[in-house]
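A.B. asks: I would like the atomic coordinates for the input below:
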Amino acid sequence: MMIKEPMANPNPNPKLPPHTSSVMMTVPAATKETTGGQAWNTLFTGTKLAKKGMSLVFILPKVQNGEKVVELSKIEIEKECAYWKQTIILYVIGASPTIATVAGFIASNWNFASKPRIYYHNDGYFIVRFNSMEDRNEVIYSGPQLLNNRPLVIKPWSVKFDFAKEVLKIIPLWVKFPNLPLNYWSMDSLSRISSGLGNPLYVDECTTQMERISYARVLIELDIIRPRPNSVKVADPHGKEFDQAVAYDWKSIYCGTCCQLGHDCSKAQNQVGDTTCRVQERQPRAVHDGGQDKRQTKATAKPRPPENLKAQGQEPAAKGPNHKMRQA
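C.D. replies: Numbering: from 1, shown residues only. Below you'll find the model as predicted:
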């Protein structure tokens with residue numbers, strides 16, 4: 001028995017994002033399951049669910065060595081990449097703010113950009129999509145940011161983005177090269193010097209225009225797991241070497257135990273141990289009694305009787321199984 005396929009909806013859903021399209025679901029007649037004589041795919045036609053969502057189409061997977069392999073369309077992937085290209089990844093170190101909090105921060109601190117779209121991921125980071133590449137770049141190159149006194153990690157979205165591998169380990173930091181010789185301020189020289197630390201991304205405007213010559217400032221992607229050096233060894237064309245000093249706008253703390261930014265469990269444990277040792281080695285304090293200086297510790301010092309008992313002519317007896325108040 002032949003079953004008529006539903007006609008595709010000629011009008012795409014206007015509520016869907018611009019990079020998506022609305023296509024009615026079509027299933028081969030041999031695989032259709034019916035309920036009450038009606039095909040499953042016809043149950044959603046014309047319903048509110050179909051109007052709000054995005055309809056799909058069945059595409060037969062490829063079979064290789066007896067296993068199904070799903071092949072994606074290069075054209076569709078490139079279309080999606082173009083849509084998400086003007087996006088940044090935003091992560092707040094040591095805090096989990098709400099979307100409303102992030103939206104308020106963006107409105108007050110990035111008011112030069114058109115209102116972006118904010119998405120939250122359950123892994124604890126945000127995806128912020130701007131309306132133009134100019135707005136995105138302006139935010140990335142704006143320098144270190146704080147949200148409620150918590151540092152922000154901001155980096156551009158990429159096709160190979162992996163939160164666990166990138167946000168928590170490789171972050172962009174502004175780095176200064178104090179007293180860098182002026183003949184080393186070219187794009188090539190700054191790129192070479194910055195590559196000694198990580199992956200250079202951008203030079204700030206003052207360095208580009210040489211409006212400030214006391215130091216060069218570069219945005220560099222750094223692996224925060226590795227120790228950050230305080231200098232870079234540079235060799236000039238004549239073979240003469242010198243150590244170029246390095247200063248970081250923000251020194252991040254990474255915990256190798258928790259694989260998170262903002263704290264270090266090993267240092268916290270060491271501090272607790274040091275505190276215990278200091279308490280045990282605390283010197284006896286001086287107790288002045290009747291003009292005599294007696295050195296006593298807390299463990300050996302005799303407790304003083306309360307003032308109210310002295311006023312009543314009483315003094316506390318020594319604690320014991322038959323502890324009672326003795327009359328003076």
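A.B. asks: quickly list the domain ranges of the protein.
C.D. replies: Domains of the chain are assigned by automatic domain parsing as 1-62, 79-166, 170-255.
A.B. asks: so which residues of the stretch 51-200 of the chain form helices?
C.D. replies: 74-84, 99-109, 133-140, 163-166, 187-195 (DSSP state H, counting those that start in this stretch).
A.B. asks: and the last one, average pLDDT?
C.D. replies: Over the span of helix 187-195, the pLDDT mean works out to 95.
A.B. asks: show me what it is packed up against.
C.D. replies: strand 199-203, strand 215-223 (3 or more C-beta pairs under 8 Å, 6 or more residues apart in numbering; DSSP states H and E). (C-beta placed from N, C-alpha, C; glycine too.)
A.B. asks: if we go to 10 Å?
C.D. replies: strand 170-178, strand 199-203, helix 205-209, strand 215-223, strand 231-235 (3 or more C-beta pairs under 10 Å, 6 or more residues apart in numbering; DSSP states H and E).
A.B. asks: now do the third one
C.D. replies: When contacts are defined as 3+ C-beta pairs under 10 Å, 6+ apart, helix 133-140 packs onto strand 87-92, strand 126-129, strand 150-156, strand 199-203.
A.B. asks: tell me the mean pLDDT over it?
C.D. replies: 92.
A.B. asks: stretch 228-246 too?
C.D. replies: 92.
A.B. asks: flag every buried residue along that stretch.
C.D. replies: Within stretch 228-246, the residues that count as buried by 16 or more other C-beta atoms under 10 Å are 232, 234, 244, 246.
A.B. asks: low-confidence regions, the stretch 1-150 of the chain specifically.
C.D. replies: 1-51, 143 (pLDDT under 70).
A.B. asks: picking up where we left off before, so for Glu71, which of the domains of the chain sits nearest?
C.D. replies: Closest to Glu71 of these is domain 1-62 (C-beta to C-beta; 5.5 Å).
A.B. asks: report pLDDT for Tyr215.
C.D. replies: 95.
A.B. asks: that one and Leu180, how far apart?
C.D. replies: Computed as C-beta to C-beta, to the nearest Å, the Tyr215 to Leu180 distance reads 7 Å.
A.B. asks: and for the two, which residues touch both?
C.D. replies: 207, 245 (C-beta atoms under 10 Å, 6 or more residues apart in numbering).
A.B. asks: which one's more surrounded, those two?
C.D. replies: Leu180 (20 against 15; other C-beta atoms under 10 Å).
A.B. asks: contacts only, for the more buried one.
C.D. replies: With contact taken as C-beta under 10 Å, 6+ apart, Leu180 is in contact with 189-190, 193, 207, 213-216, 234, 244-245.
A.B. asks: please apply the same query to Trp110.
C.D. replies: 116, 128, 130, 135, 138-139, 142, 145.
A.B. asks: hmm, try it at 6 Å
C.D. replies: Going by C-beta atoms under 6 Å, 6 or more residues apart in numbering, Trp110 touches Val139.
A.B. asks: now for the buried residues of stretch 228-246: which two are most distant?
C.D. replies: Val234 and Val246 (11.0 Å).
A.B. asks: columns distance to Lys68 on top of the domains of the chain, output as JSON lines?
C.D. replies: What follows is the domains of the chain, written out as JSON lines (distance: least, C-beta to C-beta, whole Å):
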{"stretch": "domain 1-62", "distance to Lys68": "4"}
{"stretch": "domain 79-166", "distance to Lys68": "23"}
{"stretch": "domain 170-255", "distance to Lys68": "35"}
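A.B. asks: looking at those, which is nearest to Val70?
C.D. replies: Between Val70 and the domains of the chain, the shortest gap by C-beta to C-beta is with domain 1-62, which sits at 5.1 Å.
A.B. asks: quick one on the thing from earlier: of the helices and strands packed on helix 133-140, which approaches Trp250 most closely?
C.D. replies: strand 150-156 (6.0 Å).
A.B. asks: so what strands line up beside the closest one?
C.D. replies: In the sheet, strand 150-156 lines up against strand 87-92 (antiparallel), strand 146-147 (antiparallel) (DSSP bridges).
A.B. asks: buried deepest among those strands, which one?
C.D. replies: Stretch with highest mean neighbour count among those: strand 87-92 (a mean of 21; mean count of other C-beta atoms under 10 Å).
A.B. asks: mind listing what's buried along stretch 139-148?
C.D. replies: 139-141, 145, 147.
A.B. asks: stretch 151-162 too?
C.D. replies: For stretch 151-162, the neighbour count (16+ other C-beta under 10 Å) marks 151-157 as buried.
A.B. asks: and what of stretch 55-68?
C.D. replies: Buried-residue list, stretch 55-68, by 16+ other C-beta under 10 Å: Ser55.
A.B. asks: again, but for stretch 196-209
C.D. replies: Applying 16+ other C-beta under 10 Å to stretch 196-209 flags 197-198, 200-204, 207 as buried.
A.B. asks: which of those sits closest to Pro172?
C.D. replies: Distances from Pro172 to those, taken by C-beta to C-beta, are shortest for Leu201, at 6.0 Å.
A.B. asks: OK, contacts around the closest one?
C.D. replies: For Leu201, the contact set (C-beta under 6 Å, 6+ apart) comprises 172, 219.
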